[in-house]
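Asker: attaching a predicted model along with its sequence, questions to come.
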Amino acid sequence: MPHKTLDYARELLGVGYARITLGAKEAALLATALDECRRFFSLPDATKARYSSADCNFGYRPLGMEYSITADRPDLNDCFTLWSDRLDLVPNSAELTSLTDALLAWRNHLSTLVSDVVGHVARTVGDAQAPPFEAASYLQVNNYVHAGGERDLLQDRHEDGHLVTVIHTTAPGLEIWPDGECLPVEMAPDEVVLMPGSVFAELTGGKVGALDHQVRNLGLDRRMSLMYFVNPELTEPLHPWVRTEGEAPADLRDKIRSHPATFGLPHVPVL
Ligand SMILES: O=C(O)CCC(=O)C(=O)O
Ligand SMILES: [Fe+2]
């Protein structure tokens, strides 16, 4: 994989995002995780609510809280999140071990991938290193069901506000905005896309911009997307990899911590 991760880093720098084809073993981890997610979302709402933390930041989050631009246009999906490997933050998680085992196995593959690709970019642009990220990062699976025709987008245009997002989608709808043009993205069952967020843009001194994206309402009965949202850990100061001469380097941590508030969510926790 090492030579491939270098290609992905070049793709990020040159194209603004990277399409990644998984090996058979990794594709199997993804398929198992998605099967478990499908099973979870078909539980009754009252059962899923047993797995929500009080602030809905850990475990199950019903539709209505999270939005992309304004609170009156919530994202039209419910979701399940797993921060780091902190099963203790998800109420009643002992009842969900087949789901959480599958998610954590998938995440383990992704953290190696992210650390390699981000490490290549950090070395290339600033002779720097990838920051530690596992404890501040989380998996989120979104579940979309049929939405009426009054909303053209299931999620409005946004960037995730993280370092990077690794995303897999089970059905069409995702649209990305590289170079100011809207491009629909479909993925095979063994594909993921690595999208940079605004933290990546700040670290690279703007060499790679945050990738805006949205989800179109295609009237589908069912759709899922599985994301690994990667945040740098917030325990040490985080400075841009590319420095501007004569300027004191900014510490990016406050922006990272508070960015989820723009989507109606609590601050990034320090775990
Ligand atoms: O469902 C998708 O394709 C994208 C989801 C997304 O962008 C998000 O949850 O931030
Ligand atoms: Fe997003």
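Answerer: Alright, I've got the coordinates. Ligands and ions are numbered 1, 2, ... in the order given.

Asker: now do the same contact list for Arg39.
Answerer: Shown in contact with Arg39 (C-beta atoms under 8 Å, 6 or more residues apart in numbering): Leu99. The way it works is simple: take the backbone N, C-alpha and C, and place the C-beta from them, glycine included.

Asker: so it is in which element?
Answerer: helix 24-41 (DSSP states H and E).

Asker: what of Glu175?
Answerer: strand 174-177.

Asker: which neighbouring elements make contact with that strand?
Answerer: Under the contact definition 3 or more C-beta pairs under 8 Å, 6 or more residues apart in numbering; DSSP states H and E, strand 174-177 sits against strand 183-184, strand 212-216.

Asker: neighbouring contacts of that strand?
Answerer: 17, 157, 167, 182-186, 193, 195, 211-216, 225.

Asker: quick one: buried ones out of the residues you listed?
Answerer: Neighbour-count burial within those applies to 17, 167, 185, 193, 195, 211-216, 225; the criterion is 16 or more other C-beta atoms under 10 Å.

Asker: which residue is nearest the centroid of this protein?
Answerer: For the chain, the residue nearest the mean C-alpha position is Phe229 (3.0 Å; C-alpha atoms, centre = their mean).

Asker: chain neighbours aside, what residue packs nearest to that one?
Answerer: Leaving aside its sequence neighbours, Phe229 sits nearest to His162 (C-beta to C-beta, 6 or more residues apart in numbering; 5.0 Å).

Asker: let me see the contact set for the one you found.
Answerer: 137, 197-199, 229-231, 256, 259.

Asker: quick one: it is in a helix?
Answerer: No - counting by DSSP: H, G, I helix; E, B strand; the rest coil, His162 is not found in a helix; it is coil.

Asker: where's it relative to ligand 1, distance?
Answerer: Using C-beta to the nearest ligand atom, to the nearest Å, one obtains 9 Å as the distance from His162 to ligand 1.

Asker: with His146 instead?
Answerer: Taking C-beta to the nearest ligand atom, one finds His146 at 15 Å from ligand 1.

Asker: tell me the confidence at the closest residue in space to that residue that isn't next to it in sequence?
Answerer: Distance criterion C-beta to C-beta, 6+ apart; nearest residue to His146, sequence neighbours excluded, is Asp221 at 5.1 Å. On the pLDDT scale, Asp221 is placed at 96.

Asker: can you pull the phi/psi pair for Asp221?
Answerer: phi -70, psi -30 (degrees, to the nearest 10).

Asker: residues near it, how many?
Answerer: 8 (other C-beta atoms under 10 Å).

Asker: next one: Asp156
Answerer: 16.

Asker: okay, whichever residue of the stretch 101-250 of the chain sits closest to ligand 1 and Thr32: tell me how far apart.
Answerer: Nearest residue of the stretch 101-250 of the chain to ligand 1, counting by C-beta to the nearest ligand atom: Ser225, 3.2 Å away. Between Ser225 and Thr32 the computed distance is 17 Å (C-beta to C-beta, to the nearest Å).

Asker: not counting sequence-adjacent ones, nearest residue to Ser98?
Answerer: Ser98 sits nearest to Glu36 (C-beta to C-beta, 6+ apart), 5.7 Å away.

Asker: how far off centre is the strand holding Glu175?
Answerer: 14 Å (C-alpha atoms, centre = their mean, to the nearest Å).
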